[in-house]
Structures are given as structure tokens and as C-alpha cells.
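Trainee: the following comprises the amino acid sequence and a computationally predicted model.
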Amino acid sequence: MDSWLNETLFFRNFLRPLLDIGILSAIFYYFYRYVLRSYGQSLFRGIRGPLAIFLVAYLFQLETLLWIYRLISPFLIIAVALIFQPELRKMLAKIGRQGWSRREQEASAEKVDMIFTSLASLAEQRRGALVVFTRTLTLRDIADTGTRLEAEVSGALLTTIFAHDTLLHDGAVIIHHGRIMAAGCFLPLSKQDNLRKSFGTRHRAALGVSEESDALVLIVSEESGAISLAVEGVLYYDRKVDELKNLVRSLLQNQANEDDFRNFFVERLE
Ligand SMILES: Nc1ncnc2c1ncn2[C@@H]1O[C@H](COP(=O)(O)OP(=O)(O)OP(=O)(O)O)[C@@H](O)[C@H]1O
């Protein structure tokens with residue numbers, strides 16, 4: 001009886017708080033490591049001031065400040081959700097992303113190969129191209145700015161879209177779940193001001209959609225024939241086709257760790 005009580009007390013006074021704190025710390029750590037560090041930096045920068053004031057008010061029980069916070073907190077939450085909508089969207093997208101089955105992986109790898117063969121041929125002919133692969137976010141609003149195709153991915157179709165001066169060659173092709181959802185789409189332009197002067201709107205548009213979503217964007221430069229990738233607001237310019245192909249495959253199948261990926265492309269474009 002005595003030892004049982006001791007064990008219970010041991011559990012209540014020592015093990016339980018330890019478990020509580022341990023599990024909570026692990027959740028915070030993984031949330032920071034995999035989600036906030038990649039997507040929430042600007043979100044954190046934006047709310048750290050009000051958060052610090054709240055903590056001080058809470059610690060010292062500053063009643064008036066706490067009362068004000070209680071009053072405005074519903075509006076603050078709505079304001080944060082509105083202002084940081086792109087960041088929150090990307091965070092939730094990352095949490096919802098899942099691995100692929102083997103069959104899906106093979107099918108996707110085949111399509112990615114097809115697309116890269118077509119892009120390499122466009123690059124040789126100095127035809128510009130912009131191809132957006134959606135991941136978790138569907139990007140329907142962007143697809144609606146162009147012409148809906150809903151067609152099976154094929155190298156011939158992609159080359160036709162970009163190779164001739166058709167109405168669809170301007171703008172981006174959106175690929176969703178292995179199908180060409182739309183072509184001639186208008187992408188949001190990035191506002192980054194440290195981009196190379198020689199980049200025009202095609203590269204800026206690729207960066208823009210990669211900042212606002214978890215999409216992968218491939219760009220073929222009409223001017224130089226360079227093939228580049230934009231992902232998470234970073235432009236990896238003029239990379240080898242095989243390198244890009246492997247990376248896009250694994251990123252689409254959610255196998256590549258974002259850190260490995262950054263190390264792989266050490267050279268970051270400023
Ligand atoms: N917001 C946009 N969304 C989609 N496509 C766009 C957008 N803005 C421009 N483009 C595409 O980029 C083309 C213009 O490319 P521009 O020469 O300005 O860019 P660039 O980055 O210098 O690329 P390149 O190296 O191919 O010349 C347009 O004809 C159009 O097809």
C-alpha cells in the first residue's frame with residue numbers, strides 16, 4: 001500500500017509534469033523546425049512586438065493592459081489571419097502534405113521526365129516557358145486567369161503550347177495532379193527588390209507564385225535558354241536538367257527534406 005502510494009506520488013509529482021513538459025517541448029520544437037522556420041518567419045516578425053508586451057503584462061499582472069488585450073484579441077486574430085494569409089496558407093499546406101504510394105511515384109516520375117524533355121527542347125529553341133507544379137494548394141484562382149485545359153500531361157502538348165505564337169504561349173501552364181489544368185495563366189509578381197536586373201517579369205512571376213504557395217515553378221528563359229526552378233521564394237537559376245529533374249521528382253513526392261534541398265543547391269541567387 002505504502003509503495004503503491006509512493007509510486008502514485010512519484011507519478012503525480014515528478015513523472016507527470018516531466019511528461020507534460022517533455023511532450024510540449026517536443027511539439028514546439030518540431031513545429032518550429034519543420035513549419036515555422038520555413039514559413040512563419042515574417043509572421044513571427046510581425047507579431048513578436050504585441051506578443052512581448054502581452055507576456056510582460058501577463059507576468060506582472062498589469063490589469064489595464066490585459067484588459068485591453070482581452071478586448072482587442074478577437075480583432076487581432078482576424079487581422080493576423082488577413083495580413084499573413086499567404087504564410088498561414090503555406091504553413092497549413094506543409095502540415096497537410098503526405099507521402100505518395102509507389103505507383104503514384106512511378107507515374108509522377110514518368111510525367112516529370114516528359115516535361116523536362118519538352119523544356120530542354122524549348123530551351124534549345126530559345127522559347128520561353130513557365131510551368132507551375134501545384135503541391136498541396138490547388139491554385140484554382142490562378143488557373144482561372146488562363147484557359148482551362150484539363151488535359152493529360154504530354155511533352156507534345158507542352159511544346160505546342162510554348163513553341164508557337166499561339167494565344168496560350170504567354171503566361172504559365174499549371175500542372176495539378178499530373179494533368180495540365182490550364183495554360184496562359186497570370187501569376188502574381190514577386191516584390192523582391194534584390195533580383196538581378198536582367199530578370200524580367202517571367203522570372204519575377206515564377207518567384208511570386210512560389211512565395212505565395214507551396215508550388216514548384218520551372219522557368220525556361222527565352223533570352224538565355226537557362227532552365228531554373230523557383231521554390232519558396234528562392235530562385236535557383238540556370239541548373240542542370242538532371243539535377244532539377246531529380247529534385248522536382250522528390251519534392252513532388254514529398255520525399256526531399258527542405259534542408260537537404262537547400263544544401264543541394266548551395267549557391268543561392270542574390
Ligand atoms: N505575371 C505573369 N504571369 C505569367 N507569365 C508572365 C507574367 N509576366 C510575364 N510573363 C511571361 O513572361 C514573358 C515576358 O518575359 P520577360 O522577357 O519580361 O521575362 P524574363 O524574366 O526576362 O524572361 P526571359 O529570360 O525569358 O526573357 C511574357 O511574354 C509572359 O509570357
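Mentor: Everything's here; your move.
Trainee: any idea which helix or strand in this protein has the lowest mean pLDDT?
Mentor: When each helix and strand of the chain is scored by mean pLDDT, DSSP states H and E, helix 258-264 comes last, with a mean of 49.
Trainee: list the buried residues in the strand or helix carrying L119.
Mentor: Element membership for L119, per DSSP states H and E: helix 102-124. The neighbour-count check on helix 102-124 (16 or more other CB atoms under 10 Å) flags 105, 108-109, 111-112, 114-116, 118-123 as buried. Every C-beta, even on glycine, is put in place using the N, C-alpha and C of the backbone.
Trainee: let me know the closest of those to L247.
Mentor: Minimum distance to L247 across those is 9.9 Å, recorded for V112 (CB to CB).
Trainee: surely I47 and V80 touch.
Mentor: Yes: counting by CB atoms under 8 Å, I47 does reach V80; the two are 6.2 Å apart.
Trainee: what sits against the residue of the stretch 51-200 of the chain found nearest the ligand?
Mentor: Using CB to the nearest ligand atom, the point where the stretch 51-200 of the chain gets nearest to the ligand is G200, with a distance of 2.5 Å. Applying CB atoms under 8 Å, 6 or more residues apart in numbering to G200 gives no contacts.
Trainee: now the strands for the stretch 151-270 of the chain?
Mentor: For the stretch 151-270 of the chain, the strands defined by DSSP state E, counting those that start in this stretch cover 172-176, 179-185, 216-220, 227-231, 234-236.
Trainee: how about the residues of the stretch 1-150 of the chain near the ligand?
Mentor: Contact residues (CB under 6 Å from any ligand atom) of the stretch 1-150 of the chain with the ligand: G128, L130.
Trainee: so what's the backbone phi/psi at the most centrally placed residue in the chain?
Mentor: In the chain, the residue lying closest to the centroid (CA atoms, centre = their mean) is D214, at 2.4 Å. Dihedral pair for D214: phi -100, psi 20, per degrees, to the nearest 10.
Trainee: I'd say it and T138 touch.
Mentor: No: assessed by CB under 8 Å, D214 is found out of contact with T138, at 10.9 Å.
Trainee: distance of A172 from S210?
Mentor: For A172, the distance to S210 equals 12 Å [CB to CB, to the nearest Å].
Trainee: no no, L15
Mentor: Taking CB to CB, one finds L15 at 46 Å from S210.
Trainee: the two: who's more crowded?
Mentor: Between L15 and S210, counting by other CB atoms under 10 Å, S210 is the more crowded of the two (22 against 12).
Trainee: which residues of the stretch 151-270 of the chain score low on pLDDT?
Mentor: Where the stretch 151-270 of the chain drops to pLDDT under 70, the residues are 254-270.
Trainee: where along it do the helices fall?
Mentor: Assigned helices in the stretch 151-270 of the chain, in chain order: 155-163, 201-212, 241-252, 258-264 (criterion: DSSP state H, counting those that start in this stretch).
Trainee: among the ones you listed, which is the most enclosed?
Mentor: Comparing the helices of the stretch 151-270 of the chain by mean neighbour count (mean count of other CB atoms under 10 Å), helix 201-212 ranks first with a mean of 22.
Trainee: and that helix with strand 227-231, angle?
Mentor: 30 degrees (axes from the mean of the first three to the mean of the last three CA atoms, to 10 degrees).
Trainee: what's in contact with helix 201-212?
Mentor: By CB under 8 Å, 6+ apart, helix 201-212 touches 86, 89-90, 128, 130, 132, 139, 142, 172, 186-192, 195, 215-219, 221-222, 228, 230-235, 237.
Trainee: up against the ligand, what does the stretch 151-270 of the chain have?
Mentor: Residues of the stretch 151-270 of the chain lying near the ligand (CB under 6 Å from any ligand atom): 170-172, 186-187, 189, 199-203, 205, 221-223.
Trainee: for Y69, give me its contacts.
Mentor: With contacts defined as CB under 8 Å, 6+ apart, the neighbours of Y69 are F54, A57.
Trainee: please read the previous query as pertaining to A215.
Mentor: Contact analysis of A215 by CB under 8 Å, 6+ apart lists V132, F133, T134, R135, L137, L139, V209, V231.
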